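> coords please:
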Amino acid sequence: ALRMVLSLAATTIGDWKPCYDPHSDRRTQVSLIDISRAYFNAKVDKDAETYVQLPEEDEDCGTMCAKLLRHMYGTRAAADGWQEEYSSLLVEELKFTQGLSSPCVFHHEERGIIVNVHGDDFTSVGPCCELDWFEKEMEKHYELTKQPRLGPGPGDAKEAVILNRVIRWT
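Now for the predicted structure:
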């Protein structure tokens, strides 16, 4: 799915036609976002209550435990909870359509954005102005780190690293 998103930055398919005008506000760019502490954003489902042992420094350690209200790394349902969290945001609030073949791919037809999600990494391709909108919406909901966007513009990045792979705009 990541290769597909990157390929769309360089390929014309059907109605999909990238813009390579370096000075256009609608020039095609690739956005790379990493969500900080992703699993802690997902609320625990009432049907899947999870309890954890308190740290030894806590005065109640050994006599009490803690019930999680949000998922925590290392718990069984954390990845599912995070997937449900970001999918709901993208589909219900931001009006993306979730992929049928891969539930980790999302498409916003009106704005011309395609997003691939791998864990807490969001890789998107689309017009510069629409990726501005997408990143602002994501910042409203999550603490995140953005890499400089890849693109044809003079101020756009020409190289980035995602999932331990170097990608270049040439």
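> and the helices in this structure?
Assigned by DSSP state H, the chain shows helices spanning 2-8, 78-88, 128-141.
> among these, which is nearest residue 166?
Proximity to residue 166 (CB to CB) singles out helix 2-8 among the helices of the chain, at 11.8 Å. (C-beta placed from N, C-alpha, C; glycine too.)
> middle-most residue in this structure, spatially?
Nearest residue to the geometric centre of the chain (CA atoms, centre = their mean): residue 122, 2.9 Å.
> thought it was touching residue 33?
Yes: under the criterion of CB atoms under 8 Å, residue 122 makes contact with residue 33 at 4.3 Å.
> which neighbours do these two share?
Counting by CB atoms under 8 Å, 6 or more residues apart in numbering, the common neighbours of residue 122 and residue 33 are residue 138.
> now residue 133: closest residue in space that isn't a chain neighbour?
Spatial nearest neighbour of residue 133, excluding adjacent residues (CB to CB, 6 or more residues apart in numbering): residue 111 at 6.8 Å.
> surely that neighbour is in contact with residue 130?
Yes: shown here, residue 111 and residue 130 form a contact pair, counting by CB under 8 Å, at 4.3 Å.
> between the two, which is the more surrounded one?
Between residue 111 and residue 130, residue 130 has the larger neighbour count (other CB atoms under 10 Å), namely 19 against 16.
> residues touching the more buried one, list them.
With contact taken as CB under 8 Å, 6+ apart, residue 130 is in contact with 26, 108, 111-113.
> could you list which of these belong to strands?
Within those, residues falling in strands by DSSP state E are 108, 113.
> any idea of the pLDDT on the residue of the chain positioned farthest from its centre?
What lies farthest from the middle of the chain is residue 63; by CA atoms, centre = their mean that is 39.6 Å. pLDDT, residue 63: 87.
> that's all I had, so thanks and see you.
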